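[1] I'll drop the sequence and a predicted model, then ask my questions.
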Amino acid sequence: MPMQSDEILKLIEEAMPGAQVEIEDLRGDGNHYAVTVMYQGFSGVPLVDQHRMVFSALQGRVGGILRGMTLTTLVPRKRK
Amino acid sequence: MPVDERTQRLIDPSVLDRIQAEIESDLVVLFMNGTPVFPQCGPSAQAVQILGYLGVRFKSIDVTVDPSLRLAIRDFANWPTLPQLFVRGQFVGGNDVMRQMLESGDLQALFERHAIPMMPPE
């Protein structure tokens, strides 16, 4: 069963307030998304745990109904 | 540290022992769908490609031939997808983590820190 991109967006934004989320439906089939999350809360968190935070936000869907997700996590650059 | 809740599944403890033995059996171990020559999913193919690009020798374990392993590996590292990379027995991440670490140079630094030879193809 495919998952809508706005559902992905909603779940991530709820779990990570203030996160900037970009979602690209790579094949237009609701199954292959490129998700980029930029979140202040990633600061100081190891990359692998940043990814785990996003998986956690998606509440068990990753590897389940959400099969083809490419994830990139970013820490916002400090403004000078 | 916010991490996923571990899913409670009925997993034979001997499978977890086998995974532990596998990750200690070589410096670099990749659990994947398929084999390096015939990867059976895009993410596994990408992980193989990254290790090949860096010229790192690794042991691969095809979880598609062993259903019990396929389930247990997800709980073992608290990571919901394949592939999964282990270096000196430590979980590193999946292909997206590997890709981000490759781009930042952190993957190369990790292999250097663990004295793992990198011999990129000419």
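    On my side now, so go ahead. The structure presented is a predicted model; accordingly, all values stated were derived computationally and were not measured.
[2] rest of the way, CA atoms for contacts and neighbours
    Noted.
[3] and the residue nearest to the spatial centre of chain B, what's its pLDDT?
    Of all residues in chain B, the one closest to the mean position by C-alpha atoms, centre = their mean is B:Leu85, 1.9 Å from it. We have a pLDDT of 98 for B:Leu85.
[4] so it touches B:Val28, yeah?
    Yes. Counting by C-alpha atoms under 8 Å, B:Leu85 does reach B:Val28; the two are 7.4 Å apart.
[5] returning to that earlier point: any idea how far the residue nearest to the centre of chain B lies from B:Ile61?
    Using C-alpha to C-alpha, to the nearest Å, B:Leu85 is found at 10 Å from B:Ile61.
[6] now B:Ser104
    Taking C-alpha to C-alpha as the measure, B:Ser104 falls 27 Å from B:Ile61.
[7] same thing with A:Pro2?
    Going from A:Pro2 to B:Ile61 by C-alpha to C-alpha gives 29 Å.
[8] where along chain B do the helices fall?
    Assigned by DSSP state H, chain B shows helices spanning B:13-23, B:42-54, B:67-76, B:95-104, B:106-113.
[9] dump those to TSV, plus mean neighbour count.
    Output for the helices of chain B, formatted as TSV (neighbours: other C-alpha atoms under 10 Å in any protein chain shown):
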stretch	mean neighbour count
helix B:13-23	15
helix B:42-54	19
helix B:67-76	17
helix B:95-104	18
helix B:106-113	15
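[10] may I ask which helix or strand of chain B has the lowest mean pLDDT?
    Least confident element among the helices and strands of chain B, by mean pLDDT, DSSP states H and E: helix B:67-76 (a mean of 90).
[11] how far off centre is it?
    13 Å (C-alpha atoms, centre = their mean, to the nearest Å).
[12] do stretch A:46-54 as well
    The answer for stretch A:46-54 is 10 Å, by C-alpha atoms, centre = their mean.
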